[in-house]
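Participant: below is the sequence, then the predicted model.
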Amino acid sequence: MAKKKPKLKFEALKGRAQDIVMRLTNSIALQNEDCCTVEDFADEFKTTPGRLRATLKGLEEVGLTITSGDVTEFVKPTVKLVFHQDHRLSEDQAEKLIRQYKRGRYE
């Protein structure tokens, strides 16, 4: 029987996963709605989107990001990620930030 790989935890992020999470949280803080495609991250890490999939899948499995899009795939933060970044926010405030980020409008 094969050992089960431990699940990625927010507190234990390192390497590419940590870089992706930090870039996403910075994009919200800096109100940069043009961030962040899978291609952007692949270029940044000097790899291919296919090789980046394992890291992205791990972040999705723990609920910190979602990847969506048909032609251009975007990596987007989740409410869980925003809440982890700023515990002072209520869940409603975190959801509002995510909605504004997705629409490119900040209030």
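Facilitator: That came through, no problem. None of the values given here were measured: they were computed from a predicted structure.

Participant: tell me the helix or strand right after the lengthiest helix in the chain.
Facilitator: The residue-count maximum for a helix in the chain (DSSP state H) belongs to helix 15-29. For helix 15-29, the succeeding helix or strand toward the C-terminus, using DSSP states H and E, is helix 38-44.

Participant: need the residues that contact the very next helix or strand once past that next one.
Facilitator: Heading C-terminal from helix 38-44, the first helix or strand you meet, by DSSP H and E, is helix 49-61. The contact list for helix 49-61, computed with C-beta atoms under 8 Å, 6 or more residues apart in numbering, reads 7-8, 15-17, 20-21, 38-39, 41-42, 45, 65-67, 73, 75. C-beta coordinates here come from the backbone N, C-alpha and C atoms, glycine included.

Participant: can you select the buried ones among these for me in PyMOL?
Facilitator: To isolate the buried subset of the contacts of helix 49-61 in PyMOL, counting by 16 or more other C-beta atoms under 10 Å, use the following:
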select buried, resi 8+16+17+20+21+38+41+42+65+67+75
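
Participant: re earlier: show me what the longest helix of the chain is packed up against.
Facilitator: helix 38-44, helix 49-61, strand 65-68, strand 74-77, helix 79-85, helix 91-103 (3 or more C-beta pairs under 8 Å, 6 or more residues apart in numbering; DSSP states H and E).
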